[in-house]
Structures are given as structure tokens and as C-alpha cells.
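J.: Sequence first, predicted model second:
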Amino acid sequence: MVSAPAPQRTRLQQDRLAETRERFLISESVEPGRVRDPILASWLRSRRWGVAADHVEPLYRDFEPDTTLARSALPVLRRLQDSLDGQRISVMLTDADGVVLSRMTTDPDFERHLDRVQLAPGFSYSERHVGTNGIGTALESGRAIYVFGHEHYAEHLEDLACAAVPIRHPLTGMTVGTVDLTCLCVDAGPLLITLAKTTAEQIQQALVADSRATAVLLFEEYLRTCKGTGGIVFAVGKDVVLMNDHARQLLDPTDQSLLVEQAGEMVTEPASRPAQITLSSGAEARLYWHPIREADLVYGAVVEVKLSSAGHRHTRDDDPPTRQGLPGLVGSGSLWLRGCSEVESAYESGEWVALEGERGVGKLAILRAIHQAHNPAARFRVIEAEEVAGSPPSVQLLGELLDGAGGAVVVRHIDRLRADDCLKLADQLRTARAEQRERPVWVAVTSNVATTTDDQVDLLRLFPKTVEIPPLRHHIDDLADLVPLFLRRLNRSELVCSGDAIKLMMRASWPGNTQQVCDVLNEVVHHRRTGVIQPAELPPECQTVSRRVLSPLESMERDAIVRGLLNASGRKDEAARSLGMSRATIYRKIHEYGIVTRRT
């Protein structure tokens with residue numbers, strides 16, 4: 001049996017710690033020396049996050065058990081479990097979010113005890129969900145941690161002792177998980193944390209072997225690409241950059257550095273879309289990358305670079321033919337042009353059409369521009385779904401518009417209509433179409449939802465074609481044209497956006513699409529009226545590359561971190577101190593929110 005550590009063994013010390021925890025929970029002061037500094041810091045984080053102290057409520061997540069980390073770690077953990085020879089110690093592996101991936105426990109009674117506190121595969125024991133505990137506190141602090149008895153923040157864990165150590169990937173340096181040894185306090189001993197550290201080192205050594213194999217894959221892919229192309233090729237990995245002779249001959253050192261930097265940033269992107277940047281020579285460089293990955297991790301990429309002369313725009317053989325520019329619209333992305341072309345073809349043929357796409361992608365702007373280009377003198381009426389819903393006068397107005405006056409009618413947001421309103425609108429449109437004679441009207445409907453509901457089936461039968469308008473992130477290169485357009489619309493033609501600011505904006509996900517871009521620029525022009533917009537002048541939402549929509553609370557936290565980093569000139573330690581959070585926390589938040597930093 002592993003003997004208990006003397007400093008944490010006495011009942012008196014445990015009673016004092018329990019009393020200190022109770023005083024902390026009722027917001028009374030904690031006497032210096034009554035609780036270890038790492039534990040007190042974790043208690044403070046737990047309280048700030050609003051973690052429940054009277055029960056354990058970990059979050060369950062679906063997880064992938066067959067990851068690179070799991071394959072490297074499980075043989076090590078099995079050997080450890082065999083060496084423990086039936087002792088009541090559970091050996092656990094978690095991912096970087098504290099989700100338990102594997103739990104090995106030989107004692108059935110102890111296993112049931114862990115099940116009661118949901119310390120089991122699939123449950124996250126991060127500090128944000130459970131408060132102070134070995135797994136979550138090791139991830140937050142970025143170092144080995146030992147949590148004993150009443151040092152746990154939440155009740156029902158006070159009879160456990162946990163020793164956890166972060167596991168860092170040897171190639172990327174990032175924390176990929178933890179190894180955790182948990183037992184009952186009566187069985188705990190000083191060797192627990194030592195054993196956890198040794199196990200983490202062995203797992204990292206196993207990851208090294210996988211990393212070496214991946215480095216070979218990177219080099220082989222680089223050679224294969226060089227052989228298959230006569231152009232510029234880079235290979236970018238952790239602390240390694242390979243560059244072929246064409247890159248050295250055709251590019252000056254400044255442009256080489258610029259492309260290497262861009263290639264390194266592309267490795268972190270979840271999608272393999274090409275990127276386009278302007279070099280110091282004025283030439284346009286388009287980068288195509290091939291990620292080198294092992295299961296769930298991307299270790300590097302081989303990047304091909306295509307150069308074109310200054311001002312030359314990239315095209316592809318499968319791009320739709322570019323029509324005459326539509327008034328008030330810009331953009332040359334293939335998906336954007338295809339959507340515009342399909343809607344315009346429907347207009348020219350008189351075929352009614354439905355447009356689908358996320359909020360703010362420009363559905364109404366396309367319809368208005370096409371009508372303006374083809375029949376500017378005719379009526380163009382926009383009707384909101386709310387006007388149709390349950391309002392007979394508006395429905396009658398729609399009928400009047402279809403009584404031979406011609407022009408175009410757009411009904412927006414049909415996804416907001418109830419079933420009876422869809423049927424009512426369909427009846428009105430069907431009747432109007434039957435009565436049209438010399439000057440038929442053209443009708444289009446828009447929806448923010450791509451899935452057709454049963455309520456909309458009858459209505460959409462009147463619209464033979466549905467055109468999907470792509471989100472801005474699918475034609476992000478068009479941002480360089482959209483920004484000047486929106487600045488002119490805001491009466492700020494004397495204001496321009498710097499190349500670095502445009503590049504930063506192109507890295508954002510823009511869940512609100514072009515409307516969000518316009519809103520951002522509207523915010524910027526309130527404090528910058530002339531001159532050049534620099535990256536630091538963009539709002540916090542542009543300083544991130546988050547791929548999901550944040551909750552209001554998360555947005556506030558992200559904005560505070562961005563402002564803290566800007567005030568600290570990018571120095572993360574200084575920003576963390578000003579925000580009252582640990583260095584580990586700010587690094588994790590920067591990664592979680594995809595915050596772009598310029599100085600480390």
C-alpha cells in the first residue's frame with residue numbers, strides 16, 4: 001500500500017482545511033498559510049466562474065477514443081495499471097479539455113465510487129465545470145498538481161486524492177491532455193505525484209516516436225510536391241521550414257518571410273482553402289496547402305505558391321463566366337459569382353426563384369442589383385414575413401402588386417412564417433400568377449434556413465429553383481473589395497484599410513457575413529474618420545479566428561482579453577495580470593477564442 005503523506009494525514013489538519021474552505025465559500029477572508037497558493041488560486045477561479053460548490057456537475061461530451069494521444073498513452077497506462085497490483089488507484093487519461101478518455105480501475109467498489117461523482121469516460125473535469133480538482137487544475141496551471149481531500153472545491157470529492165500532470169505534444173509544444181492518478185485519501189501517498197510525472201514523461205516519449213514518423217511524412221510530401229511542380233514550394237512544421245530553389249530564385253527575402261508566415265498561419269486553419277496575399281513587388285501570390293496530419297492533429301503542411309502579375313485576379317477553369325458587373329455589388333469568388341449568375345438567369349427567363357443563405361450574406365442585395373440592372377424603372381417591392389403573417393391588408397397589397405403592374409416582389413424570411421401563413425401566401429401567389437397577362441411580375445422569396453420544412457412545401461412548389469448564396473467565409477477574398485465599397489457607402493471615401501488590417505479581417509469567420517463587415521466598419525469610422533485603418537483599430541471580433549458563434553458572456557470575455565492584449569502591446573503575462581487571470585488561463589482563452597496576437 002502507498003503510505004499517506006505526513007503533512008496531509010492528520011485529522012486536525014483536514015478539519016482546519018475544511019473550515020478554511022467553508023470560510024472561503026461564504027466570502028470570508030482566508031488566513032495566509034492555511035491553504036496552498038495553487039489551491040487558493042484555483043478556488044478563486046472556480047468562484048469567479050460560478051462553479052457549484054455543493055455538488056459535482058461535470059459536462060458530458062461525445063469523444064473520439066481512438067486519437068493519437070490515446071494510441072500512444074494506453075500501452076503506458078496498461079503497464080502502470082499492471083504494476084499497481086490491485087491497489088485502489090484509478091489511472092486516467094484526459095484530453096486538453098479535461099474530458100476523460102480512459103479510466104483503468106481494478107477495484108469494483110472504487111470504480112462505483114468514481115461513477116457516483118461522474119469521474120468517468122466522456123465527462124469533463126475541467127475547472128470551469130467541477131472547480132478545483134487534479135485534472136482541471138493541472139490544465140489551468142499548466143503544471144503537475146496534487147489535490148487532496150477538502151482542497152477540492154466541490155463537495156463529494158473530499159474523500160479523494162488526485163495527482164495530475166499535463167501531457168505536452170513534443171512537436172507542437174501544446175498541451176494535449178493529462179494523466180491523472182486518483183485514489184481515496186486513506187490510500188494516498190507521496191509517490192502518487194511522482195508516479196504521475198513519470199507516466200506523463202513516458203507518454204510524451206511515445207508521442208516523440210509518432211512525431212518522428214510524421215516529420216518523415218512531411219519531408220516525403222515536400223519532395224513529392226517539388227518533383228510534381230515547377231513552381232514555388234514550402235514545407236512548414238514545428239521549428240522547421242523547407243523551401244525549394246524556385247522560391248529562393250524568384251522571391252526576395254522579404255517576400256519569402258511573408259509567405260512562410262502566411263503558410264504557418266494556414267496550418268492552424270481547419271479548412272484547406274487557398275489564401276491570396278499581395279507581395280512587396282505587387283504580384284499576387286495564391287497559396288494551396290496540403291496538411292500533414294495524424295488522426296486528430298495537424299503537424300505541418302506542404303504549400304504550393306502560384307504567382308500572378310500585379311492586379312491579375314485568380315480564376316479557375318470551373319468558375320462561372322463573369323457577367324457584366326451588377327450595380328452595387330462586388331466580388332469575384334466562384335461561389336458568389338455562381339449564385340449571382342443563377343439568380344440573374346432566373347430573372348431573365350421570368351422564372352420565380354427562392355434564395356437561401358445565412359443572415360447577412362446579401363440575398364436582398366443581389367435581387368435589388370439584378371432588378372436595377374435589367375428594369376430600373378419598374379416597381380421593386382420588398383415585403384417582410386411579418387407583414388404577411390396574420391395581416392389580410394398586407395396580403396391584399398401583395399395581390400395588388402400582382403394585378404398587372406409588373407416589376408418585382410421579394411418576400412423575405414419565409415422561414416419565419418407559420419404553416420397557415422405559408423398556405424395563405426401560396427394561395428395568393430397562385431391566384432395572382434393565373435391572372436397575370438401582359439406585364440407579369442417576377443417574385444422571389446428568401447430564407448435564412450437551408451432546410452425546407454413541411455410547412456413550406458406547398459409554397460416552394462411555385463419556385464422551380466432554389467439558389468444558395470454562400471457565406472462570406474466561402475469567398476473571403478472578396479473582403480478586399482467589400483471594405484472599400486462599404487467605406488464609400490459610409491461616406492468615408494477618404495478612409496482606407498491597411499493591408500495588415502485587411503489580412504486580419506480575412507482571418508475572421510464573420511458569422512454575420514457582409515452585414516457584420518458593414519457593422520464593424522460603421523463602428524470603426526466613429527473613431528477613425530480619415531487616413532489608414534490599422535489592425536489595432538479594429539474591434540475585438542476582428543482580432544479572432546473563432547469558428548463558432550460566441551454567447552454574449554463569451555463575447556464579453558473575448559473582448560476584455562483582446563483589449564487587455566492591445567493595452568499590453570501583445571504581452572500575454574502583463575495582460576493576464578491586468579485581467580486577474582493566470583498565464584495558463586489567458587493562453588487557453590487565446591486558443592479557445594482564436595485571438596490573433598502579434599507579440600509573444
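T.: Received, thanks. Residues are numbered from 1 along each chain as shown.

J.: Show the model's pLDDT score for residue 101.
T.: Reading off the confidence values, residue 101 has pLDDT 93.

J.: Checking my notes, it in a helix, right?
T.: No: per DSSP: H, G, I helix; E, B strand; the rest coil, residue 101 lies outside any helix segment and is strand.

J.: Can you give me the separation between it and residue 588?
T.: Remark: distance between residue 101 and residue 588 (Cβ to Cβ, to the nearest Å) = 19 Å. Every C-beta, even on glycine, is put in place using the N, C-alpha and C of the backbone.

J.: Same check on residue 17?
T.: To residue 588, residue 17 is 28 Å away according to Cβ to Cβ.

J.: Could you tell me which residues make contact with residue 349?
T.: Neighbouring residues of residue 349 by Cβ atoms under 8 Å, 6 or more residues apart in numbering: there are none.

J.: any idea how far it is from residue 462?
T.: Distance, residue 349 to residue 462, by Cβ to Cβ: 15 Å.

J.: now swap in residue 367 and tell me
T.: Applying Cβ to Cβ, the value for residue 367 to residue 462 is 16 Å.

J.: Show me which of those two is the more surrounded one.
T.: Between residue 367 and residue 462, residue 367 has the larger neighbour count (other Cβ atoms under 10 Å), namely 23 against 15.

J.: Quick check, pLDDT for that one.
T.: If you check residue 367, the pLDDT there is 94.

J.: Within the helices and strands, which one has residue 39?
T.: helix 37-48 (DSSP states H and E).

J.: and the nearest residue to residue 527 once chain neighbours are set aside, how many neighbours does it have?
T.: Sequence neighbours aside, residue 537 is the residue nearest to residue 527 in space, at 7.2 Å (criterion: Cβ to Cβ, 6 or more residues apart in numbering). For residue 537, the count of nearby residues is 17 (other Cβ under 10 Å).

J.: Over to residue 515?
T.: 16.

J.: Now that it has come up, it's in contact with residue 363, right?
T.: No: counting by Cβ atoms under 8 Å, residue 363 is not a contact partner of residue 515; they are 10.7 Å apart.

J.: mind showing which ranges of the stretch 301-450 of the chain have poor pLDDT?
T.: Along the stretch 301-450 of the chain, segments meeting pLDDT under 70 span 308-325, 388-405, 436-439, 450.

J.: which residues does residue 265 contact?
T.: residue 507.

J.: So what's the gap between stretch 102-122 and the chain middle?
T.: 32 Å (Cα atoms, centre = their mean, to the nearest Å).

J.: go on, stretch 449-466?
T.: Stretch 449-466 has its C-alpha centroid displaced from the chain centroid by 31 Å (Cα atoms, centre = their mean).

J.: Give me the spatial nearest neighbour of residue 383, chain neighbours excluded.
T.: residue 411 (5.1 Å).

J.: Let's see stretch 528-537 as PDB, backbone CA atoms only.
T.: Coordinates of each C-alpha in stretch 528-537 appear next as PDB, following Å, rounded to 0.1, in the frame of the first residue of the first chain:
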ATOM      1  CA  ARG A 528     -11.200  57.000 -37.400                       C
ATOM      2  CA  ARG A 529     -12.500  59.400 -40.000                       C
ATOM      3  CA  THR A 530      -9.600  59.800 -42.400                       C
ATOM      4  CA  GLY A 531      -6.300  58.100 -43.100                       C
ATOM      5  CA  VAL A 532      -5.500  54.400 -42.800                       C
ATOM      6  CA  ILE A 533      -7.200  51.900 -40.600                       C
ATOM      7  CA  GLN A 534      -4.600  49.800 -38.700                       C
ATOM      8  CA  PRO A 535      -5.200  46.300 -37.200                       C
ATOM      9  CA  ALA A 536      -5.300  47.700 -33.600                       C
ATOM     10  CA  GLU A 537      -8.200  49.900 -34.600                       C
END
